[in-house]
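*Asks:* coordinates only, sequence not included:
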């Protein structure tokens with residue numbers, strides 16, 4: 001079989017995984033990873049607080065697809081080819097065992113991202129994959145046959161301050177485009193006919209306009225429901241009150257679903273929190289009758305029937321104008337109704353966001369309509385493939401973005417360098 005030269009642009013999770021898969025399929029091919037910075041696998045290093053949230057324990061593809069605000073339909077066939085179970089199997093085969101935490105996130109049993117990085121570096125060394133740092137791609141040209149007896153490399157890759165190189169096939173895996181000017185940096189890609197959807201942050205926390213609640217900094221609620229006012233999406237899970245506003249897994253997941261709507265509103269609006277999602281306003285009104293009967297003689301400040309953190313419970317009582325020494329039986333109906341609303345529909349004005357650095361993800365990127373979902377190959381340029389976050393695909397927090405990196409990298413590797421139909 002003809003040996004080929006494949007260049008992977010991007011030294012992150014998707015790029016490394018794609019390069020390794022190509023090498024496993026074609027050990028005699030020349031494979032080069034180009035990374036513009038001096039750092040390799042930087043997001044792998046910091047993910048999950050330095051533990052690397054490799055994937056999520058979600059073997060059901062139908063359920064897995066629901067975790068992607070953008071790209072759900074695009075990923076459907078890909079996930080049936082390579083998804084969570086395949087990821088677990090591949091890492092196990094390469095000496096990395098994963099364990100599952102109670103929220104479904106999966107980490108290496110060592111709880112260290114270095115385990116994943118070391119695994120990738122071993123594979124790169126094993127297959128003699130070249131890894132070149134400080135190699136920034138500034139342009140890509142397609143080459144055309146000028147002599148029927150000579151088959152040139154399909155692409156010429158121009159590098160910043162360095163000599164150009166050629167390649168038979170390219171996989172673009174540069175990660176999110178948020179920190180770059182995609183219309184300028186990827187002008188050559190746009191000239192090829194690709195559309196780049198403006199990148200914006202996808203995972204972030206909410207800055208509150210009213211700072212009263214931030215006096216509760218450090219208070220965590222294990223299970224709360226959060227919604228961006230005017231948006232149908234809701235998320236339920238842990239919430240954390242910080243010195244700037246509201247954080248925690250539920251908030252960060254919600255930010256992914258509402259990323260576009262919030263950006264259009266310049267991150268100004270309101271969130272609605274149900275601190276006790278087992279109740280809504282009407283069901284809590286009904287249950288309140290029992291509370292008054294059961295706790296009638298007790299002071300409301302000392303009896304919290306919802307297992308909320310005491311600081312939060314007292315804060316909500318004070319917001320409802322209720323003295324902590326008030327007996328349950330003596331609670332006035334107007335104060336009772338106000339407290340029920342605060343418990344089930346606590347509305348908080350938001351102005352601005354704070355990036356959740358460990359899970360830094362953007363939405364936007366290369367428009368999926370220009371990419372073949374079965375091969376990750378460009379519909380505009382044969383021989384050009386994509387992997388990872390540079391496509392307009394993003395998942396909620398919890399290992400789903402890495403799973404997309406592994407899946408798209410694997411799919412691209414299966415098809416890259418194959419005989420072209422166009």
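*Replies:* Sure thing, it's come through. Here the structure is a predicted model, which is why all the values come from computation and not from measurement. Residues are numbered from 1 along each chain as shown.

*Asks:* any idea how far residue 106 is from the nearest residue to residue 32 once chain neighbours are set aside?
*Replies:* Of all residues not flanking residue 32 in the chain, residue 130 sits nearest, at 4.5 Å (CB to CB, 6 or more residues apart in numbering). C-betas here are computed from N, CA, C, even on glycine. In this structure, residue 130 and residue 106 are 31 Å apart, going by CB to CB, to the nearest Å.

*Asks:* from what I can see the residue nearest to residue 32 touches residue 31, true?
*Replies:* Yes. If you go by CB atoms under 8 Å, residue 130 and residue 31 touch, sitting 7.0 Å apart.

*Asks:* who's more crowded, those two?
*Replies:* Using other CB atoms under 10 Å, the more surrounded residue of residue 130 and residue 31 is residue 31, with 27 against 13.

*Asks:* which residues does the more buried one bridge with?
*Replies:* residue 6 (DSSP bridges).

*Asks:* same question, residue 327
*Replies:* What pairs with residue 327, by the bridge criterion (DSSP bridges), is residue 299.

*Asks:* Could you report the separation of it from residue 297?
*Replies:* 6 Å.

*Asks:* Mind checking which of the two has more residues around it?
*Replies:* A count of neighbours by other CB under 10 Å puts residue 327 above the other of residue 327 and residue 297, at 15 against 10.

*Asks:* Touching, residue 208 and residue 349? I think so.
*Replies:* Yes. Applying CB under 8 Å, one finds residue 208 in contact with residue 349, separated by 6.8 Å.

*Asks:* Looking at those two, which has the bigger crowd around it?
*Replies:* Neighbour comparison, residue 208 and residue 349: the larger count goes to residue 208, with 20 against 14 (by other CB under 10 Å).

*Asks:* Read off the pLDDT value for the nearest residue to that one once chain neighbours are set aside.
*Replies:* In this structure, residue 208 finds its nearest non-sequential neighbour in residue 245, 3.8 Å apart by CB to CB, 6+ apart. Per-residue confidence (pLDDT) for residue 245: 96.

*Asks:* Could you verify my assumption that residue 245 touches residue 212?
*Replies:* No. Counting by CB under 8 Å, residue 212 is not a contact partner of residue 245; they are 11.4 Å apart.

*Asks:* Does the closest residue to residue 127 other than its chain neighbours belong to a helix, a strand or coil?
*Replies:* With sequence-adjacent residues excluded and distances taken as CB to CB, 6+ apart, residue 127 is closest to residue 23, at 3.6 Å. With DSSP: H, G, I helix; E, B strand; the rest coil as the basis, the three-state label of residue 23 is helix.

*Asks:* what's near enough to touch residue 23?
*Replies:* Counting by CB atoms under 8 Å, 6 or more residues apart in numbering, residue 23 makes contact with 29, 31, 123, 127, 129.

*Asks:* again, but for residue 115
*Replies:* Per CB under 8 Å, 6+ apart, neighbours of residue 115: 52, 96, 108.

*Asks:* in what helix or strand does it lie?
*Replies:* Using DSSP states H and E, residue 115 sits within helix 113-126.

*Asks:* pLDDT (mean, whole number) over that helix?
*Replies:* pLDDT averaged over helix 113-126 gives 98.

*Asks:* and the helix or strand just after that helix, what other elements does it pack with?
*Replies:* Per DSSP H and E, helix 113-126 leads on to strand 130-133 as the next helix or strand towards the C-terminus. Using 3 or more CB pairs under 8 Å, 6 or more residues apart in numbering; DSSP states H and E as the contact test, the elements touching strand 130-133 are strand 30-35.

*Asks:* Report the angle between the strand it packs on and helix 113-126.
*Replies:* Interaxial angle of strand 30-35 relative to helix 113-126 (axes from the mean of the first three to the mean of the last three CA atoms, to 10 degrees): 140 degrees.

*Asks:* The nearest residue to residue 298 once chain neighbours are set aside: neighbouring residues, count only.
*Replies:* Distances taken as CB to CB, 6+ apart place residue 328 nearest to residue 298, at 5.8 Å, with adjacent residues excluded. By other CB under 10 Å, 19 other residues sit near residue 328.

*Asks:* is it true that residue 328 touches residue 292?
*Replies:* Yes. Residue 328 lies in contact with residue 292 (CB under 8 Å); the separation is 5.4 Å.

*Asks:* I figured residue 188 was touching residue 139, is that so?
*Replies:* Yes. With contact defined as CB under 8 Å, residue 188 reaches residue 139; the gap is 4.9 Å.

*Asks:* that older thread, next, the buried residues of the helix holding residue 115.
*Replies:* 113-117, 119-121, 123-124 (16 or more other CB atoms under 10 Å).

*Asks:* Kindly reformat the residues you listed as CSV containing distance to residue 378.
*Replies:* Shown next, in CSV, are those (distance: CB to CB, whole Å):
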residue, distance to residue 378
113, 31
114, 34
115, 34
116, 29
117, 29
119, 29
120, 25
121, 29
123, 26
124, 25
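
*Asks:* and which of those residues is nearest residue 257?
*Replies:* Nearest to residue 257, judged by CB to CB, of those is residue 113 at 26.8 Å.

*Asks:* contacting residues around residue 273?
*Replies:* 224-227, 239, 246, 345-348.
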